[in-house]
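# Build me a model:
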Amino acid sequence: MEYRRFGNTIVARIDRGEEILAAVKAIAGAEHIQLASVSALGATNDFTVGVYNVDEKQYHANDFKGNFEIVSLTGTINTMDGAFYTHLHMSAGDEKGQVFGGHLNRAVVSAVCEMVITVIDGMVDRRFSEEIGLNLFRF
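Residues are numbered from 1 along each chain as shown. All right, here's what the predicted structure looks like:
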């Protein structure tokens with residue numbers, strides 16, 4: 001992985017074999033990011049995304065292996081109890097153009113992932129909601 005910071009914008013290249021969430025965490029730590037938006041595209045051959053069932057209050061994970069183009073990867077970096085937290089969603093298309101996606105649990109880069117992180121001046125922490133079963137923004 002390599003990245004450059006230009007003011008409040010970070011442009012990153014995540015390389016083949018690297019895991020995307022680990023790279024985001026490394027960048028956020030190195031750059032002391034407490035709040036940011038994330039946008040990316042690229043390619044993956046091994047990823048897991050989840051879909052949240054509100055009634056059950058739990059995620060159901062789906063694993064995918066093969067050749068996939070990352071059509072969209074978007075989300076936020078922020079904190080929970082003052083520590084690093086990220087919430088990303090990813091959609092990826094296969095060789096037939098079928099797209100699969102959801103809450104990103106893990107994704108290994110197969111060719112490259114190009115990411116833009118826009119750092120926001122401020123801090124928004126998260127707190128667990130018993131009612132919803134998720135970690136929600138706490139303003």
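
# Please make it C-alpha for all contacts and neighbour counts, starting now.
Noted.

# And the longest strand anywhere in the chain, what's buried?
If you go by DSSP state E, the chain has its longest strand at strand 58-80. In terms of neighbour count (16 or more other Cα atoms under 10 Å), strand 58-80 has its buried residues at 62, 64, 67-71, 73-80.

# so who does the residue positioned nearest the centre of the chain touch?
For the chain, the residue nearest the mean C-alpha position is residue 88 (3.2 Å; Cα atoms, centre = their mean). By Cα atoms under 8 Å, 6 or more residues apart in numbering, residue 88 lies in contact with 38, 73, 74, 75, 76, 103, 104.

# Do you have the strands of this protein handy? List them.
2-6, 9-15, 36-53, 58-80, 83-93, 99-119, 125-128, 135-138.

# could you give me the average pLDDT of the third one?
Per-region confidence: strand 36-53 scores 98 on mean pLDDT.

# in its sheet, what does it sit against?
strand 58-80 (antiparallel), strand 99-119 (antiparallel) (DSSP bridges).

# Give the buried residues for the shortest one.
Right, the one you point to is strand 99-119. 100-119.

# Nearest to residue 54, out of the buried residues of strand 58-80: which one, please.
Nearest to residue 54 out of these is residue 62 (Cα to Cα; 16.8 Å).

# And that closest one, how close does it get to residue 51?
Here residue 62 is placed at a distance of 8 Å from residue 51 (Cα to Cα, to the nearest Å).

# And residue 108, by the same measure?
Counting by Cα to Cα, the gap from residue 108 to residue 51 is 19 Å.

# picking that back up, turn the contacts of residue 88 into a markdown table, columns for distance to residue 31.
A markdown table is the format used below for the contacts of residue 88 (distance: Cα to Cα, whole Å):
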| residue | distance to residue 31 |
| --- | --- |
| 38 | 14 |
| 73 | 20 |
| 74 | 19 |
| 75 | 18 |
| 76 | 15 |
| 103 | 24 |
| 104 | 22 |
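
# Most widely separated two among these?
Across those (Cα to Cα), the longest gap, 13.7 Å, separates 38 and 103.

# before we move on, the earlier item: right, so of the strands paired with strand 36-53, which gets closest to residue 92?
Nearest of these (Cα to Cα): strand 58-80, 4.3 Å.
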